[in-house]
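1. 3D, please:
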Amino acid sequence: MEFIASVQGLTAIAIGMMVGLGAIGACLGIALMGSKFLESAARQPELVPMLQGRMFLLAGLIDAAFIIALAVGLLFAFGNPLLGEVKNAAAAVAGAAH
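-> Model (predicted):
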């Protein structure tokens, strides 16, 4: 049973790292993109409509990576496929021991 607790603990750490690093990456990406958009809008105001559309497209793509990491993290948090395999292996070992 210690192995199952270890898998659950390591899964929780992995989920935290996935979501945390994904959030940091998305925040930095959108911040850099927003600053470059404002710089380019200040230099050439006539290009703002075209640049704005591209900025929103890129913002969605940058956020998509974070949302995918969040979805995978929720999958492992609530329906951990690793834990089922560990329980099956533990049951097989316990059955072979008796």
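
2. what residue ranges in the protein score low on pLDDT?
-> Filtered on pLDDT under 70, the chain yields the residue ranges 1, 98.

3. now the lengthiest helix in it: how far from the chain's centre is it?
-> Among all segments of the chain classified by DSSP state H, the helix with the greatest residue count is helix 2-43. Relative to its chain's centre, helix 2-43 lies at 7 Å (C-alpha atoms, centre = their mean, to the nearest Å).

4. Kindly report the same for stretch 83-91.
-> So, by C-alpha atoms, centre = their mean, the centroid of stretch 83-91 is 26 Å from its chain's centroid.

5. Which residues outside it are in contact with it?
-> Stretch 83-91 is contacted from outside by 1, 3, 4, 7, 8, 11, using C-beta atoms under 8 Å, 6 or more residues apart in numbering. All C-beta atoms are positioned from the backbone trio N, CA, C, and that covers glycine.

6. For that stretch, buried residues please.
-> Judged by neighbour count (16 or more other C-beta atoms under 10 Å), stretch 83-91 contains these buried residues: residue 86.

7. how about that stretch as PDB, C-alpha atoms only?
-> The C-alpha atoms that make up stretch 83-91 are tabulated as PDB, following Å, rounded to 0.1, in the frame of the first residue of the first chain:
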ATOM      1  CA  LEU A  83      -3.300   4.100 -10.100                       C
ATOM      2  CA  GLY A  84      -5.500   1.500 -11.600                       C
ATOM      3  CA  GLU A  85      -2.500  -0.400 -13.100                       C
ATOM      4  CA  VAL A  86      -0.700  -0.200  -9.700                       C
ATOM      5  CA  LYS A  87      -3.800  -1.700  -7.900                       C
ATOM      6  CA  ASN A  88      -4.100  -4.500 -10.500                       C
ATOM      7  CA  ALA A  89      -0.400  -5.300 -10.100                       C
ATOM      8  CA  ALA A  90      -0.600  -5.200  -6.300                       C
ATOM      9  CA  ALA A  91      -3.700  -7.600  -6.500                       C
END
